[in-house]
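*Asks:* Below: sequence and its predicted model.
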Amino acid sequence: MKIIAVIPARMGSSRFPGKPLAPILGRPMIEHVYWRTNLCQALNDVFVATCDPEIFESVEAFGGKAIMTSSSHERASDRVAEAAIDLDCDVVVMVQGDEPMTHPQMIDESLTPFLNGVEQVACVNLTAKITSQTEFEDRNTIKVVMDEDGFALYMSREPIPTRQIQNFGQIPAFKQVCIIPFAAKTLQEFSRLEPTPLEVAESIDMMRFIEHGRRVKMVETSFSTHAVDHPPDLELVERLLRQDPLTQQYITAIER
């Protein structure tokens with residue numbers, strides 16, 4: 001099975017313009033995501049998909065591989081689908097470009113259903129328990145509820161299950177962790193599906209699949225990450241990466 005990773009990145013983030021090139025430990029954020037993803041031994045190759053020449057040039061400058069895409073995409077998954085259309089592979093793993101704490105074992109975890117031959121899986125998302133009321137209320141955290149077989153029923157930026165539950169944690173709450181493998185043919189199918197009302201309302205790619213009746217398998221991860229949604233997140237992530245043994249591993253390798 002040939003597996004590639006594609007990291008979508010664009011300069012025009014409404015919450016944080018220019019985010020992929022924001023410096024962390026003296027290197028652009030997209031570089032950290034790229035090299036940490038590249039440490040996953042299950043992957044045959046890693047690419048950045050972008051519509052911005054600045055990102056393309058930055059990736060090539062640090063020795064990575066980049067693919068230019070259209071600037072018209074509203075969803076990261078559509079950008080990844082365009083980038084992957086001519087790539088020879090069986091599985092495409094989308095790794096979000098604002099997750100510089102991505103761990104290669106998280107990618108291994110997300111691939112488990114494909115490697116185990118789970119049937120009727122349109123794609124896989126990682127998920128993790130939400131551990132605080134603040135995170136539960138944060139609109140940048142995509143919440144997910146699942147059926148008893150671990151397939152997503154719904155995803156929302158609003159707190160689900162309902163915030164009317166008296167005590168947080170009375171019913172476990174889960175979030176989407178943005179590592180998403182697709183079967184290559186399924187990814188192209190996604191890009192051909194019409195955008196759906198709840199996808200647009202929630203601004204969540206996976207709702208397109210769910211509304212069209214496809215099944216999205218959720219796999220729980222034990223790894224804790226912190227996405228960069230706003231400029232203040234950079235200081236926290238930089239501190240966490242400085243303490244992470246994995247950081248020195250890839251920085252040492254690329255400086256040789």
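*Replies:* Nice, thanks for sending it over.

*Asks:* residue boundaries of the helices in this protein?
*Replies:* 29-38, 53-61, 76-84, 104-115, 133-137, 184-192, 197-202, 206-211, 233-243, 245-255 (DSSP state H).

*Asks:* hey, which of these is tucked in deepest?
*Replies:* The highest mean neighbour count among these, using mean count of other Cβ atoms under 10 Å, belongs to helix 29-38: a mean of 26. (C-beta placed from N, C-alpha, C; glycine too.)

*Asks:* Under the pLDDT cut-off, which ranges of the chain? List them.
*Replies:* Along the chain, the model assigns pLDDT under 70 to residues 14, 118-120, 165-166, 256.

*Asks:* picking up where we left off before, mind checking the helices of the chain for the one nearest to residue 162?
*Replies:* helix 133-137 (11.0 Å; Cβ to Cβ).

*Asks:* could you measure the residue nearest to the spatial centre of the chain against residue 23, distance?
*Replies:* In the chain, the residue lying closest to the centroid (Cα atoms, centre = their mean) is residue 178, at 2.7 Å. Residue 178 sits 21 Å away from residue 23, taking Cβ to Cβ, to the nearest Å as the criterion.

*Asks:* Residue 131 too?
*Replies:* 29 Å.

*Asks:* try residue 129
*Replies:* Separation of residue 129 from residue 23 (Cβ to Cβ): 31 Å.

*Asks:* Residue 225 now?
*Replies:* 19 Å.

*Asks:* next one: residue 186
*Replies:* Distance, residue 186 to residue 23, using Cβ to Cβ: 36 Å.

*Asks:* circling back: quick one: which of residue 129 and residue 23 has more around it?
*Replies:* residue 129 (14 against 11; other Cβ atoms under 10 Å).

*Asks:* Now do the contacts for the more buried one.
*Replies:* Applying Cβ atoms under 8 Å, 6 or more residues apart in numbering to residue 129 gives the contacts 172, 173, 174, 175, 220.

*Asks:* What of residue 177?
*Replies:* If you count contacts by Cβ under 8 Å, 6+ apart, residue 177 has them with 106, 125, 126, 127, 128, 221, 223, 225.

*Asks:* try 10 Å this time
*Replies:* By Cβ atoms under 10 Å, 6 or more residues apart in numbering, the residues touching residue 177 are 96, 99, 102, 106, 109-110, 125-128, 142, 144, 218-221, 223-225, 227.

*Asks:* Not counting its neighbours along the chain, what's nearest it?
*Replies:* Excluding the flanking residues, the one nearest residue 177 by Cβ to Cβ, 6 or more residues apart in numbering is residue 126, at 3.8 Å.

*Asks:* Likewise for residue 182?
*Replies:* residue 123 (4.4 Å).

*Asks:* isn't the one you found right up against residue 187?
*Replies:* Yes. At 7.6 Å, residue 123 and residue 187 qualify as touching, with contact defined as Cβ atoms under 10 Å.

*Asks:* Mutual contacts of these two, please.
*Replies:* Jointly contacting residue 123 and residue 187 under the rule Cβ under 10 Å, 6+ apart are 77, 91, 92, 94, 180, 181.

*Asks:* Can you get me a residue count around residue 65?
*Replies:* By the criterion of other Cβ under 10 Å, residue 65 has 14 neighbours.

*Asks:* thought it was touching residue 50?
*Replies:* No. If you go by Cβ under 10 Å, residue 65 and residue 50 don't touch, sitting 11.4 Å apart.

*Asks:* Name the residues contacting each of the two.
*Replies:* Shared between the contact lists of residue 65 and residue 50 (criterion: Cβ under 10 Å, 6+ apart) are residues residue 59.

*Asks:* Quickly note the distance from the nearest residue to residue 102 once chain neighbours are set aside to residue 178.
*Replies:* Spatial nearest neighbour of residue 102, excluding adjacent residues (Cβ to Cβ, 6+ apart): residue 36 at 4.9 Å. According to Cβ to Cβ, residue 36 stands 13 Å off from residue 178.
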